[in-house]
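K.L.:
one predicted model, sequence on top.
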Amino acid sequence: MTGTVLVDIRKYDGSSSARWTATRLGADEHGTWLGTARGVPVGSAAGGWTTRFAYVTLVPRAAWWTATFCADPGPELYCDVCTVPEWSGNGTVLRTVDLDLDVVRPRGGGLRVEDEEEFAAHRVRYGYPGSLVREARRTCAWLAEAGRRDAGGVEPFVSAYRRWLG
């Protein structure tokens, strides 16, 4: 199935974190791949912007994350820890709840975890349940290991994404 997908990412309180359209590129053993061109408008409760570079996003099956692989000059890897992504019945809308934690691998740099302070603040502000906190932290730790560039990394984070990004 190909076509346009509305990506709708929310915060735990239901406010918009980010919303844009992407192109469904296809699927493989890792999940569904979406492509977003440079210059696509993105909206959120905080305002709007346009994408600064092209990227592909992997939406895995039944996992608490999505992974974005960017064209230069963007980061090589940007993983969002989120609730399990949900597709609308006709597959044209993708929804997740952003859980703040991000695992980022800059081009040529080492992997790092971002927004831990935001996660801690939102945990209190939104009353994240203990099970959600545990799963978000477990997922973040797994992504930090799996997304490594060296021999410790695993697919699709090592090279499988290159086919889709190309």
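P.N.:
Good, I have the coordinates.
K.L.:
contacts, neighbours, all on C-alpha from now
P.N.:
Fine.
K.L.:
OK, contacts around Gly31?
P.N.:
Gly31 is in contact with Leu58, Val59, Pro60, Arg61, counting by Cα atoms under 8 Å, 6 or more residues apart in numbering.
K.L.:
can you list contacts of stretch 127-144?
P.N.:
With contact meaning Cα under 8 Å, 6+ apart, stretch 127-144 is reached by 64-65, 79, 81-82, 99, 101-103, 111-113, 122-123.
K.L.:
send me stretch 3-16 as PDB with only the CA atoms.
P.N.:
This file holds the C-alpha atoms of stretch 3-16, laid out as PDB (Å, rounded to 0.1, in the frame of the first residue of the first chain):
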ATOM      1  CA  GLY A   3      -0.100   6.900  -0.500                       C
ATOM      2  CA  THR A   4      -0.200   9.800   1.800                       C
ATOM      3  CA  VAL A   5      -0.200   9.400   5.600                       C
ATOM      4  CA  LEU A   6      -1.100  12.000   8.200                       C
ATOM      5  CA  VAL A   7       1.400  11.700  11.000                       C
ATOM      6  CA  ASP A   8      -0.300  12.900  14.200                       C
ATOM      7  CA  ILE A   9       1.900  12.900  17.300                       C
ATOM      8  CA  ARG A  10       0.400  14.000  20.600                       C
ATOM      9  CA  LYS A  11       1.600  14.700  24.100                       C
ATOM     10  CA  TYR A  12       0.100  12.700  27.000                       C
ATOM     11  CA  ASP A  13      -2.400  15.500  27.700                       C
ATOM     12  CA  GLY A  14      -3.700  15.200  24.100                       C
ATOM     13  CA  SER A  15      -2.100  18.500  22.800                       C
ATOM     14  CA  SER A  16      -0.400  18.400  19.500                       C
END
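K.L.:
so, low pLDDT: which residues of the protein?
P.N.:
Applying pLDDT under 70 to the chain picks out residues 1, 151.
K.L.:
which parts of it are helices?
P.N.:
Secondary structure of the chain (DSSP state H): helices at 116-126, 130-146, 161-165.
K.L.:
so can I have JSON lines of the contacts of stretch 127-144 showing neighbour count?
P.N.:
Output for the contacts of stretch 127-144, formatted as JSON lines (neighbours: other Cα atoms under 10 Å):
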{"residue": "Trp64", "neighbour count": "23"}
{"residue": "Trp65", "neighbour count": "27"}
{"residue": "Cys79", "neighbour count": "23"}
{"residue": "Val81", "neighbour count": "26"}
{"residue": "Cys82", "neighbour count": "27"}
{"residue": "Leu99", "neighbour count": "26"}
{"residue": "Leu101", "neighbour count": "23"}
{"residue": "Asp102", "neighbour count": "24"}
{"residue": "Val103", "neighbour count": "24"}
{"residue": "Leu111", "neighbour count": "20"}
{"residue": "Arg112", "neighbour count": "14"}
{"residue": "Val113", "neighbour count": "16"}
{"residue": "His122", "neighbour count": "17"}
{"residue": "Arg123", "neighbour count": "18"}
